[in-house]
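*Asks:* pasting the sequence and the predicted coordinates here, then a few questions.
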Amino acid sequence: MGSTQERLEEILYAMNREGNFEAAMLSMKDGLPLASSPAHYEDDMAAAMVTLLNETVKRINHQLNLSQQVDEISIVGDDRARLVCRYFVVDGNELLLTVLAPPDQSYRRLTNKVIKDVERLWSP
């Protein structure tokens with residue numbers, strides 16, 4: 001059995017293959033990358049993007065006085081490709097699953113499965 005990072009990358013790889021996703025990344029909420037598929041996919045760019053999205057979420061929560069924590073951000077481009085960021089907590093750690101999905105591809109079931117797989121792997 002491989003390292004935790006290798007197992008996380010296998011989980012992301014399987015999701016990408018099944019969903020025909022271009023890339024996926026699992027990171028800490030602050031942008032520190034934990035795993036990606038393809039391996040080491042634009043880690044620096046993704047970390048910067050996560051930081052920007054987190055600042056945007058904080059600003060939205062503050063300006064709209066939202067009492068709930070944001071659990072997902074989805075951005076659709078002109079080509080209808082989608083950037084999905086799913087926030088979740090495992091064992092007190094705030095994590096972020098980021099996926100680049102092709103146009104009109106559903107993603108929710110697959111990202112839910114990955115979140116559950118990460119929870120199982122992460123939890124003692």
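*Replies:* That came through, no problem.

*Asks:* flag the helix or strand of the protein with the lowest per-element mean pLDDT.
*Replies:* The weakest-scoring helix or strand in the chain, judged by mean pLDDT, DSSP states H and E, is helix 43-64 (a mean of 69).

*Asks:* Tyr107 contacts Val84, doesn't it?
*Replies:* Yes: counting by CB atoms under 8 Å, Tyr107 touches Val84, with 5.4 Å between them. Glycine gets a C-beta too; all of them are placed from N, C-alpha and C.

*Asks:* give me the beta-bridge partners of Ile73?
*Replies:* Beta-bridge partners recorded for Ile73 (DSSP bridges): Cys85.

*Asks:* so who does it touch?
*Replies:* By CB atoms under 8 Å, 6 or more residues apart in numbering, the contact set of Ile73 is Leu53, Thr56, Val57, Val84, Cys85.

*Asks:* swap in 10 Å and give it another go.
*Replies:* Residues in contact with Ile73 (CB atoms under 10 Å, 6 or more residues apart in numbering) are Leu53, Asn54, Thr56, Val57, Ile60, Leu83, Val84, Cys85, Arg86, Tyr87, Leu96, Thr98.

*Asks:* and if you look at Phe21?
*Replies:* With contacts defined as CB under 10 Å, 6+ apart, the neighbours of Phe21 are 12-13, 15, 37, 81-82, 84, 99-102, 105, 107, 110-111.

*Asks:* distance of it relative to Thr56?
*Replies:* 22 Å (CB to CB, to the nearest Å).

*Asks:* same question for Val84.
*Replies:* For Val84, the distance to Thr56 (CB to CB) stands at 15 Å.

*Asks:* mind checking the SS state of the residue positioned nearest the centre of the chain?
*Replies:* Centroid-nearest residue in the chain: Leu97, 1.3 Å away (criterion: CA atoms, centre = their mean). With DSSP: H, G, I helix; E, B strand; the rest coil as the basis, Leu97 sits in strand.

*Asks:* ok, it touching Met28?
*Replies:* No: Leu97 is beyond contact range of Met28, at 11.5 Å (criterion: CB atoms under 10 Å).

*Asks:* next, count neighbours for Ala24.
*Replies:* Ala24: 28 surrounding residues under other CB atoms under 10 Å.
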